[in-house]
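>>> sequence first, predicted coordinates after that:
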Amino acid sequence: MNNGWRKLEEMEETHQIRVNEPRPSEVVISKPGEAPEVKQFPWYLLTGLILGFLLGLMYAWLINPVVYSDTEPVSLRADFKHNYRLTIAQAYAITGDLERAESRLALLNDEDPIFTLGSQAQQALAAGYAEDARALAVLAAALQGETDNLTPTNSP
Amino acid sequence: MEGRKRRLVFFILMIGVGIAAGVAYGWLMNPVQYDDTGPSTLGMDYKTDYALMAAEIYADEGDPVMAMARLTFLGDDPFLEIMDETLTFAQEQHYDPSDLQLMIDLRQAIAAIQGVDQ
């Protein structure tokens, strides 16, 4: 009978030990008797961060974007650049100040100012604005002449 | 319950961090770019130079209406206001006296055509 009891107690102990034994993976038992806590990636933190980032972007790009108030002529729309270029040419036609015209044209950052002026002159001529075309062509020619003067030659 | 509260606090905290990062990115690192701006957004130095160009052309043409038409390029502000602003800037920047005189002449011509006291 005693042997029977002992066996029964041993079985209970064995059973308790098995329950309290930590499992090899995932489950960590901090204290015996507490519910096992599963370690998970804190997805809620990442969700909050992404949500906040999107809200921040929406504010910075749509609700309160950076306002440019002191822009340069280079950022002007193409048709405004045409207008600006024409005014430079007209002013040059009157003052004859090539250095000033060049520095003004440089603000537009044209890849090839002479070609751009010539091209715009042709467009003005085609549209029937002969005077504008002339002013643009004169400035283009003046710049061309200056460039030619700077070109080294082989002649003695 | 305590854990849930803590998670909520951290969640809100992360939203705040995210907003700060998003605004910093949107304003400083990759702000909205304007490639096709209008002349009204030009800096005052460029506006002044444009007004000077209009004055140079006016000195030869003598046509204030054409000069005003050119000044519309700089925006919807009244012509005299544009001339006053650019003239003030030109004076502050010590433009050449002959250039200043051209601008003053144009301003006076516009004032005369608009019937405004000079």
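Yep, it's here.

>>> could you pull up phi and psi at the most centrally placed residue in chain B?
The centre of chain B sits closest to residue B:41, judged by C-alpha atoms, centre = their mean, with a distance of 4.0 Å. Here is the backbone geometry of residue B:41 (degrees, to the nearest 10): phi -90, psi 0.

>>> show me the contacts for it.
Applying C-beta atoms under 8 Å, 6 or more residues apart in numbering or on different chains to residue B:41 gives the contacts A:68, A:69, A:70, A:71, B:34. In short, each C-beta sits where N, CA and C put it, glycine included.

>>> of these, select the buried ones using a PyMOL command.
To isolate the buried ones among the contacts of residue B:41 in PyMOL, judged by 16 or more other C-beta atoms under 10 Å in any protein chain shown, type:
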select buried, chain A and resi 68+71
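
>>> could the contacts of residue B:41 be laid out in a markdown table, adding pLDDT and distance to residue B:65?
Shown next, in a markdown table, are the contacts of residue B:41 (pLDDT from 0 to 100; distance: C-beta to C-beta, whole Å):
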| residue | pLDDT | distance to residue B:65 |
| --- | --- | --- |
| A:68 | 71 | 32 |
| A:69 | 73 | 29 |
| A:70 | 80 | 30 |
| A:71 | 85 | 28 |
| B:34 | 66 | 32 |
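
>>> dump the contacts of residue B:41 to JSON lines, plus secondary structure and distance to residue B:81.
Converted to JSON lines, those look like this (DSSP: H, G, I helix; E, B strand; the rest coil; distance: C-beta to C-beta, whole Å):
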{"residue": "A:68", "secondary structure": "coil", "distance to residue B:81": "21"}
{"residue": "A:69", "secondary structure": "coil", "distance to residue B:81": "17"}
{"residue": "A:70", "secondary structure": "coil", "distance to residue B:81": "18"}
{"residue": "A:71", "secondary structure": "strand", "distance to residue B:81": "20"}
{"residue": "B:34", "secondary structure": "coil", "distance to residue B:81": "24"}
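
>>> and of the contacts of residue B:41, the nearest to residue B:45?
residue A:70 (8.7 Å; C-beta to C-beta).

>>> relative to residue B:100, how far out is residue B:94?
Note on residue B:94: its distance to residue B:100, by C-beta to C-beta, to the nearest Å, is 9 Å.
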